[in-house]
Structure formats: structure tokens, C-alpha cells
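A.B. asks: Need coordinates for the below:
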Amino acid sequence: QVHLVESGGGVVQPGGSLTLSCAASGFTDFTFSDYAMNWYRQAPGRQREFVAAITRAGDNTIYGDSVKGRFTIYRDNAKNEMYLQMDSLRLEGPGVYYCDAVHGSKESWGQGTQVTVSS
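C.D. replies: Numbers count the residues shown, from 1 in each chain. Predicted coordinates:
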């Protein structure tokens, strides 16, 4: 089971920026570069929603409609880390960002890091 730890969350003003990190460890049969990676966000009382995805080599990315043009997902396979650069953050309540590692039917989640955009 891959172990994922998110960090970088906090409180930021609208229009500000924040970069989240996801550190991966605990690999046995595969390496970090074998896993497609995703970011999701969950607000209190709401379902987890897709934010962004990146392929194993980092050569292709997909974004949710609400973050297109504002967020950038990238990864460093040498460091076993993935990141989410969030710019032009919008005023909204607290949300927890989770990273997710997928390889075939295997999927692992981190514990999340909270981000609050507030004035």
C-alpha cells in the first residue's frame, strides 16, 4: 500500500496562491512513476470532487472545469512527489485536498490537507 502525505495547506486570501505537496512512500512491487496521480477536494458536507490528474510520466494533465487556467499539477518522479500549484484562489469555505495514487485496480489516498480561502 502506497503511503501518501499531503502538506502545504493553510489560509489564503482570495486571489492568492498556494502550493500543495504530496509525498509518496512505501512502494513494494512498483515505483512512484508507475502511478497516475490525482488531486481531489472535499468541502464539508459535500462529495469529493475531482481537481486535477497527471499521467505517470507527467506528460499529460487534466483539470476540473472549476480550476482550469488557475491550477497546475506537476510531479517529480525522482523525489516521489506531486504538487498542485493553485493561483487566483477564489473565495470559498474550507476544503480538504487529497492526493490519490492509482495503478490498475490499486488506489491509495492521503489524509488530506485543509485549504481555506477567506478574506
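A.B. asks: burial of K79, as a residue count?
C.D. replies: Under the neighbour criterion other CB atoms under 10 Å, K79 is assigned a count of 12. For glycine as for every other residue, the C-beta is placed from the backbone atoms N, C-alpha and C.
A.B. asks: and if you look at the one 3 residues further on?
C.D. replies: Burial measure for M82: 28 neighbouring residues, criterion other CB under 10 Å.
A.B. asks: Over to P44?
C.D. replies: For P44, the neighbour count with other CB under 10 Å is 8.
A.B. asks: And A101, by the same measure?
C.D. replies: A101 has 24 neighbours, counted by other CB under 10 Å.
A.B. asks: who are the neighbours in contact with the nearest residue to it once chain neighbours are set aside?
C.D. replies: Residue nearest to A101 in three dimensions, not counting chain neighbours: Y35, with 4.2 Å by CB to CB, 6 or more residues apart in numbering. Listed by CB atoms under 8 Å, 6 or more residues apart in numbering, the contact partners of Y35 are V2, A24, R56, A101, V102, H103.
A.B. asks: From H103, how far off is the residue nearest the centre of the chain?
C.D. replies: If you average the C-alpha coordinates of the chain and look for the closest C-alpha using CA atoms, centre = their mean, you land on W39, 3.1 Å from that point. Taking CB to CB, to the nearest Å as the measure, W39 falls 17 Å from H103.
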